[in-house]
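In: model the structure of this input:
(chains A, B, C and D)
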Protein chains: 4
Amino acid sequence: MKPYRLAARDGKDTIIEIVGRNGAGTCLIGEGFCTIIAGPCAVESEEGILSAARLVKTLGAHILRGGAFKPRTSPYSFPGLGLEGLNYLALARKETGLPIITEVLDVRDIDRVLEVADIVQVGSRNMHNYPLLRDLSRQKVPVLLKRGYAATVEEWLLAAEYLMAGGNGQVILCERGIRTFENLTRNTVDIGVVPLLKELSHLPVIVDPSHALGKWQLVRPVAKAAIAAGADGLMIEVHPHPEAALSDGDQSLTGDNFRRLMDEIKALAHLEGKRM
Amino acid sequence: MKPYRLAARDGKDTIIEIVGRNGAGTCLIGEGFCTIIAGPCAVESEEGILSAARLVKTLGAHILRGGAFKPRTSPYSFPGLGLEGLNYLALARKETGLPIITEVLDVRDIDRVLEVADIVQVGSRNMHNYPLLRDLSRQKVPVLLKRGYAATVEEWLLAAEYLMAGGNGQVILCERGIRTFENLTRNTVDIGVVPLLKELSHLPVIVDPSHALGKWQLVRPVAKAAIAAGADGLMIEVHPHPEAALSDGDQSLTGDNFRRLMDEIKALAHLEGKRM
Amino acid sequence: MKPYRLAARDGKDTIIEIVGRNGAGTCLIGEGFCTIIAGPCAVESEEGILSAARLVKTLGAHILRGGAFKPRTSPYSFPGLGLEGLNYLALARKETGLPIITEVLDVRDIDRVLEVADIVQVGSRNMHNYPLLRDLSRQKVPVLLKRGYAATVEEWLLAAEYLMAGGNGQVILCERGIRTFENLTRNTVDIGVVPLLKELSHLPVIVDPSHALGKWQLVRPVAKAAIAAGADGLMIEVHPHPEAALSDGDQSLTGDNFRRLMDEIKALAHLEGKRM
Amino acid sequence: MKPYRLAARDGKDTIIEIVGRNGAGTCLIGEGFCTIIAGPCAVESEEGILSAARLVKTLGAHILRGGAFKPRTSPYSFPGLGLEGLNYLALARKETGLPIITEVLDVRDIDRVLEVADIVQVGSRNMHNYPLLRDLSRQKVPVLLKRGYAATVEEWLLAAEYLMAGGNGQVILCERGIRTFENLTRNTVDIGVVPLLKELSHLPVIVDPSHALGKWQLVRPVAKAAIAAGADGLMIEVHPHPEAALSDGDQSLTGDNFRRLMDEIKALAHLEGKRM
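Out: Down below sits the predicted model:
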């Protein structure tokens, strides 16, 4: 018997409607769609996130990403702008109409993050943070649940089950690479997990090749691979000036590179019969 | 340059004094000592934890372990008794005089856990939980920091750095096995990390073979290996009736097996010149 | 400085011409092409390999695979038909005109394998078998070099370097999954390695999703992912009756499933500008 | 049912007698003994191996190791002296009376290696080399079978089964570290495998901490851990002048460090009731 119940496939496919608030548009994530989340790793400044938002909006992204609270391996690294960053994200939504996804790290920040976020992200480091999952299970907000970087598929689906068992069925699974012995890439994208999850669960599946690989040159080919494998969307780091980014510049696409990615993804989505 | 500073070795060794409150004795953890933490995985009942405490006290353990808040992979598994479990731990301390170590999962529980805990445990799933680490960094309590099951040594020392950078230098590192391809054991004890940490850091290092291996038959040999490799102590799961345990019964030692372990560890500690 | 020299990219792309002997056609493997190798895991009988060969030929495969010498984890498993299997492969080539790829395990079998093979396969277990690589480096035959299941990219390129340093520049790299902690799939396809190898080396890169995943349902999506990521071809297990296969039946496609895969790969190759 | 039969424990313990030829002494490997194999990674010169042999003999080693045929990741690295190296090993045995262990890589070298070797080593890269295992299964020589660096315990015992199924029951299992995500050490010693193998199999188990860790400072503590965990012996790299070694100098002990290791291992073996 499978240890998860609510997350298990039963013939249906869950399609999640992102209802953009405060003037943002709605969009759908799930089987039959190809939804693109794009933006910088971190919100670095008001002007920074606005220019990034304009850029990805112009190039066809559906949702804006940007971290206000950043989990950093070192206590001495830039931790994000916090509440100030959330305010800048709200401004970016107001101007561009793009729904916002941003990460929450601390249960005590949930209320304030929910004032801005149209989708809440639970990052890899928090996939096993059960108090956070329990609290989010009682909210009416879509949750993008990244796979822990050493989590098995079963553990991942059980983390989704925490959200669903508490009443929140709006869960999007995001593969972002697993930890292996190979070290020429930051992590290893487990591409087989895309069709495997489609077989095991009814939840939408997207892929984040940027964090997984850590090298912008590899992002476009692996993004295409994800869609070809059946993923319902992508999360892509885009920065107008990657060389000046405060975090993860090496993996961020420039506007030109993101345009090329979008062109190729559109053609591929068309071939696969996915709406975009 | 090493990314951690306060955790880095500089010729000294940190020895942490556990000041047992409410009648409990004090003990030391660090270079030159062999300190044994023992007890059941979870606090299951008042009588259960009292009988386990009496057992491990009689057999020479220095500190009592017992989980009141249990991180469980499935939302449907026994999550621990919570506050009730903390109360039972306090009773066990009062009766046996053993200092208490117990895990905290949620930043909102820190105050209540600190009313009972002489040492706070940060579990593997929370090694990357930076809000929890930041809050604990401002407390005056020793923290046992388990290695994340896919954390590199550098990430682990940076998690310790979070605690130290906030002002809490009382950090004990606990190796509890890492995730590998081998699946006849639950995880793989990285024994080389013991001397490696002794070279890189001044912090005490202990090993938890019970959670690492998941099979009680392997616990005693690997416990001995840990001390022979230079570890400053052990964390061992002991349950008067493992077959009836609500969690992790397969890896728990009976009283008889724990007695044998203690006898052999004592002889080994003597050989190694460690006080026990 | 990179430790490999001859395998390193220097602006060119190597395209390997498979010169089918004894009436077989020629085909090309490398940048700009999409070459499909298909057939059963093992040669099981004369009629078996002939019917498989006819099937994959009809459905558009370019090269026939079939193992005469099988490396088996257990000494009690079917080891392949050996020389008899080679003879059957020769018959299949004669009838269908498909070039043959088959594996060599033992240096003493090289001459006899070369009497039949148009491409020689070095399997995952032999990627580090340097005497075998040295001997093959002195032959004039294309070598398909599978990645060891725990080999880093650098070790893999150094294995290619063994072949090239001895004079054999006709090396095809084949990703077949690496060993990780995830066990719902047999191995984990490292999809990022496809664009990474294209950046680091001039050698052709193909992907074998069948052995990597161990489940036929996942083969088609991951095959498409491989081509979308830039791979120059695929190696696919096809068996007219997978349920009766002597080895690896779970991962073999039926004729119907292979037809669907070929249809989708053709559309994708067309989109990517690859000749097929 | 277990997939291996002859390697499976059935209440007995296999103790292997090394019958040193040409004047060398005999020694035993197995339960109840603590047997030390020591010497340089590679045979580098006549004088080099003779001085190393004298050194380890004086300090109490039972068997001399030295590689004449070296498997090297790069085709441009020193591959060993080959037959010349074998001759030097024979001289070292003649002078010191130490039995010899050396590695064989190529089935065509078996006869010549057996003229010198008292134990034949199958290295990690060849654990899956079934033609080599089959040929050695028909010889009357003890085989030290290193674990493949990504081999599961079951695969390893099945490799032993290849040797035993062919008639050679003199198999010694050698743990030498597995490949994991941790990269501050070369590999990760799987210490739990020592008691696990003792439970699953009757074959002797030794540990090679030198190759596993790649850093001489960690060798002594992990060697002690191995014996404490129940290993029947150790394989240790010793080089009179590690800084001048042609391979693996970083992991080789000097004479002084090996003396200290031997002193501590003797005390530990005495405590554990192992003859040494």
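In: what's across from residue A:27 in the sheet?
Out: When bridges are called by DSSP bridges, residue A:27 pairs up with residue A:18.
In: strands of the stretch 1-150 of chain A, start to end?
Out: All strands of the stretch 1-150 of chain A, identified by DSSP state E, counting those that start in this stretch, fall at A:16-19, A:26-29, A:35-39, A:63-65, A:100-103, A:119-122, A:143-146.
In: adjacent strands (with direction) for the longest one?
Out: Sheet pairing for strand A:35-39, assigned by DSSP bridges, gives strand A:63-65 (parallel), strand A:233-237 (parallel).
In: could you give the mean pLDDT of the lengthiest helix in chain A?
Out: For chain A, the helix with the greatest residue count under DSSP state H is helix A:255-272. Averaged over helix A:255-272, pLDDT sits at 98.
In: which strands or helices does it pack on?
Out: On a contact count with 3 or more CB pairs under 8 Å, 6 or more residues apart in numbering or on different chains; DSSP states H and E, helix A:255-272 meets strand A:35-39, helix A:46-58, helix A:216-228, strand A:233-237, helix C:255-271. Glycine gets a C-beta too; all of them are placed from N, C-alpha and C.
In: and the longest one, how far out from the chain's middle?
Out: The reference is to helix C:255-271. On the basis of CA atoms, centre = their mean, to the nearest Å, helix C:255-271 is displaced by 18 Å from the centre of the chain it belongs to.
In: that older thread, redo the helices and strands packed on helix A:255-272 as TSV? Include mean neighbour count.
Out: Shown next, in TSV, are the helices and strands packed on helix A:255-272 (neighbours: other CB atoms under 10 Å in any protein chain shown):
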stretch	mean neighbour count
strand A:35-39	28
helix A:46-58	20
helix A:216-228	27
strand A:233-237	28
helix C:255-271	18
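In: which of those sits closest to residue A:265?
Out: Of all the helices and strands packed on helix A:255-272, helix A:216-228 sits nearest to residue A:265, with 6.0 Å by CB to CB.
In: excluding chain neighbours, what is closest to the residue of chain A found nearest chain B?
Out: With CB to the nearest CB, the shortest gap between chain A and chain B falls at residue A:150, namely 3.1 Å. In space, and not counting its chain neighbours, residue A:150 is closest to residue B:150: 3.1 Å by CB to CB, 6 or more residues apart in numbering or on different chains.
In: show me what contacts that neighbour?
Out: Residue B:150 makes contact with A:148, A:149, A:150, A:179, B:178, B:179, C:181, D:181 under the criterion CB atoms under 8 Å, 6 or more residues apart in numbering or on different chains.
In: write out the residues of chain A neighbouring chain D.
Out: For chain A, the residues in contact with chain D (CB under 8 Å from any CB of the partner chain) are A:150, A:179, A:180, A:181, A:183.
In: what's around the fourth one, how many residues?
Out: Applying the criterion other CB atoms under 10 Å in any protein chain shown, we find 22 residues in the vicinity of residue A:181.
In: tally up the residues packed near the closest residue to it other than its chain neighbours, please.
Out: Spatial nearest neighbour of residue A:181, chain neighbours left out: residue D:179 (4.7 Å); criterion: CB to CB, 6+ apart. Number of residues near residue D:179 (other CB under 10 Å) recorded here: 24.
In: which parts of chain A sit against chain B?
Out: A:3-4, A:71-76, A:105-108, A:125-126, A:128-131, A:134, A:148-150, A:155, A:158, A:161-162, A:165-166, A:179.
In: of those residues, just the buried ones, ChimeraX syntax please.
Out: In ChimeraX syntax, the buried subset of the residues of chain A next to chain B is picked out as below (16 or more other CB atoms under 10 Å in any protein chain shown):
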select /A:3,4,71,72,73,74,75,105,106,107,125,126,128,129,130,131,134,148,149,150,155,158,161,162,165,166,179
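In: tell me which of the residues of chain A next to chain B fall in helices.
Out: Residues of the residues of chain A next to chain B located in helices (DSSP H): A:130, A:131, A:134, A:155, A:158, A:161, A:162, A:165.
In: list the contacts of the last one.
Out: By CB under 8 Å, 6+ apart, the contact set of residue A:165 is A:6, A:137, B:75, B:76.
In: the residues you listed: which two are farthest apart?
Out: Maximum pairwise distance among the contacts of residue A:165 (CB to CB): 13.3 Å, between A:137 and B:76.
In: next SSE downstream of the one helix or strand residue A:173 maps to?
Out: Secondary-structure element containing residue A:173, defined by DSSP states H and E: strand A:171-175. The first helix or strand that comes after strand A:171-175 along the chain, using DSSP H and E, is helix A:193-200.
In: okay, buried residues for that following helix please.
Out: Neighbour counts over helix A:193-200 (16+ other CB under 10 Å) mark A:193, A:194, A:195, A:196, A:197, A:198, A:200 as buried.
In: including distance to residue C:216 and pLDDT, could the contacts of residue A:165 go into TSV?
Out: Shown next, in TSV, are those (distance: CB to CB, whole Å; pLDDT from 0 to 100):
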residue	distance to residue C:216	pLDDT
A:6	28	97
A:137	36	98
B:75	33	96
B:76	32	95
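In: ok, of the residues you listed, which one's closest to residue C:83?
Out: Taking CB to CB as the measure, residue C:83 lies nearest residue A:6 of the contacts of residue A:165, at 56.0 Å.
In: how about the nearest residue to that closest one, chain neighbours excluded?
Out: In space, residue A:6 is closest to residue A:164, 3.9 Å off (CB to CB, 6+ apart).
In: next, count neighbours for residue A:140.
Out: Counted by other CB under 10 Å, the residues lying close to residue A:140 total 8.
In: look up how far chain D lies from it.
Out: For residue A:140, the distance to chain D equals 38 Å [CB to the nearest CB, to the nearest Å].
In: wait, that residue sits on residue A:169?
Out: No. The criterion here is CB atoms under 8 Å, and residue A:140 misses it with residue A:169 at 10.2 Å.
In: what strands line up against the strand holding residue A:173, and which way round?
Out: Next to strand A:171-175 in the sheet, as set by DSSP bridges, lie strand A:143-146 (parallel), strand A:205-207 (parallel).
In: could these go into TSV alongside mean neighbour count and mean pLDDT?
Out: Formatted as TSV, those follow (neighbours: other CB atoms under 10 Å in any protein chain shown; pLDDT from 0 to 100):
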stretch	mean neighbour count	mean pLDDT
strand A:143-146	26	98
strand A:205-207	26	98
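In: can you put those in a markdown table and add distance to residue D:205?
Out: Shown next, in a markdown table, are those (distance: least, CB to CB, whole Å):
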| stretch | distance to residue D:205 |
| --- | --- |
| strand A:143-146 | 40 |
| strand A:205-207 | 43 |
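In: any idea which of those strands gets closest to residue C:270?
Out: That would be strand A:205-207 among the strands paired with strand A:171-175, by CB to CB, at 23.7 Å.
In: which ones are touching the nearest residue to residue A:63 once chain neighbours are set aside?
Out: Nearest non-adjacent residue to residue A:63, counting by CB to CB, 6+ apart: residue A:37, 4.3 Å away. By CB under 8 Å, 6+ apart, the contact set of residue A:37 is A:61, A:62, A:63, A:64, A:65, A:101, A:206, A:233, A:234, A:235, A:236.
In: let's go with 7 Å and repeat that
Out: A:61, A:63, A:65, A:101, A:233, A:234, A:235 (CB atoms under 7 Å, 6 or more residues apart in numbering or on different chains).
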